[in-house]
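In: here is my input; please provide its structure:
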Amino acid sequence: MALKEIVKLEEKFEGRENRYPFNIPSINNLSRLEIKSNVTFFVGENGSGKSTLLEAIAYQCQFNTAGGGRSNVYDLASSESDLGDYIRLSWLPKINQGFFLRAESFYQFANHIDDIAKEYPSVYDSYGGSSLHEQSHGEAFLSLFMNRFGRKGIYLLDEPEAALSPARQLTFLSIIHELQKQAQFIIATHSPILLGYPNADIYSFDDQAIRLVQYEETDHYQITRRFLENRSIYLNELLN
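Out: This is a model prediction of the structure:
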């Protein structure tokens with residue numbers, strides 16, 4: 001494990017508390033966040049700050065905040081991290097390898113790889129041997145995970161389940177399990193399947209402060225379980 005701690009730079013925060021994204025409660029109340037596991041999940045409702053913090057970590061790692069690693073240079077509107085300059089990362093040891101996956105901008109990342117391939121066709125070797133656009137969305141994600149993520153590094157994934165069926169989410173769990181032996185993952189997700197990975201740390205962003213929770217405490221688990229066990233009751237209340 002390499003990334004040990006995320007620290008908010010309090011002195012730089014002063015005067016910005018009422019501006020987005022600094023006014024998000026979980027971010028505003030953040031002091032420091034310890035990373036103790038090779039697999040860490042960020043969970044919370046949309047707007048809770050989990051993706052904002054993940055992008056700030058990517059910025060501090062010098063990954064492209066549009067998606068990619070240090071060597072992926074391309075532009076995407078609204079990809080700059082406003083929070084990135086206001087946190088500090090503590091490492092032991094420092095790792096420069098890795099990748100930031102933004103599910104929402106994966107299409108643009110695939111375009112970027114195609115542009116590189118016009119001059120260096122061998123770039124496809126790191127993505128399953130063909131253009132990511134020539135694979136289904138789910139296949140492209142799995143190609144990225146299985147080929148591009150093979151080295152020691154830190155991998156920051158924002159909602160990787162977006163393109164994965166439940167069956168492929170299970171496949172992804174097995175990929176994580178193999179890679180975490182030499183790599184570190186921080187994953188922002190809504191998936192109760194991915195959150196079930198054993199011995200991972202789960203940080204909830206839904207309260208005023210970020211807090212460590214158990215799998216069974218997450219809304220993702222509780223709501224999914226209650227719906228599956230009481231589908232007729234839920235649907236009757238929602239639709240009638």
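In: next SSE after the longest helix seen in the chain?
Out: Determined from DSSP state H, the single longest helix within the chain is helix 166-179. Once helix 166-179 ends, the next helix or strand along the chain (criterion: DSSP states H and E) is strand 184-188.
In: so how far is that next one off the chain centroid?
Out: 5 Å (C-alpha atoms, centre = their mean, to the nearest Å).
In: and the next element down the chain from it?
Out: helix 192-195.
In: in that next one, what counts as buried?
Out: P192, I193, L194, L195 (16 or more other C-beta atoms under 10 Å). Bear in mind the C-beta positions are built from the backbone N, C-alpha and C, glycine included.
In: and which of the residues you listed is nearest L228?
Out: P192 (10.1 Å; C-beta to C-beta).
In: distance of the closest one relative to A117?
Out: 37 Å (C-beta to C-beta, to the nearest Å).
In: pLDDT weak spots in the protein?
Out: The chain contains residues with pLDDT under 70 at 1, 70-81, 150.
In: which residue ranges form the strands in it?
Out: With DSSP state E as the criterion, the chain has strands at 3-8, 32-34, 39-43, 87-91, 98-102, 154-158, 184-188, 201-204, 211-213.
In: T65 reaches A58, doesn't it?
Out: Yes - the criterion here is C-beta atoms under 8 Å, and T65 meets it with A58 at 5.4 Å.
In: neighbour-wise, which of the two wins?
Out: A58 (28 against 22; other C-beta atoms under 10 Å).
In: hmm, L144 is touching L101, no?
Out: Yes - judged on C-beta under 8 Å, L144 makes contact with L101 at a distance of 7.2 Å.
In: can you tell me the closest non-neighbouring residue to I154?
Out: Nearest residue to I154, sequence neighbours excluded (C-beta to C-beta, 6 or more residues apart in numbering): G98, at 4.1 Å.
In: distance of the nearest residue to E217 once chain neighbours are set aside relative to F41?
Out: Distance criterion C-beta to C-beta, 6+ apart; nearest residue to E217, sequence neighbours excluded, is S204 at 7.6 Å. Plainly put, S204 is 9 Å away from F41 if you go by C-beta to C-beta.
In: likewise for T224?
Out: Relative to F41, and taking C-beta to C-beta, T224 is found at 15 Å.
In: what do you get for L33?
Out: 13 Å.
In: T224 and F41: which is more packed in?
Out: Legend: neighbour count by other C-beta under 10 Å for T224 and F41, higher for F41 (25 against 15).
In: tell me the contacts of the more buried one?
Out: I186, I187, A188, T189, L194, L195, Y197, A200, D201, I202, Y203 (C-beta atoms under 8 Å, 6 or more residues apart in numbering).
In: in stretch 121-137, what's buried?
Out: Of the residues in stretch 121-137, V123, Y124, Y127, G128, S131, L132, Q135, H137 count as buried by neighbour count, 16+ other C-beta under 10 Å.
In: next: stretch 160-170.
Out: Taking 16+ other C-beta under 10 Å as the criterion, stretch 160-170 shows P160, E161, A162, A163, L164, R168, Q169 as buried.
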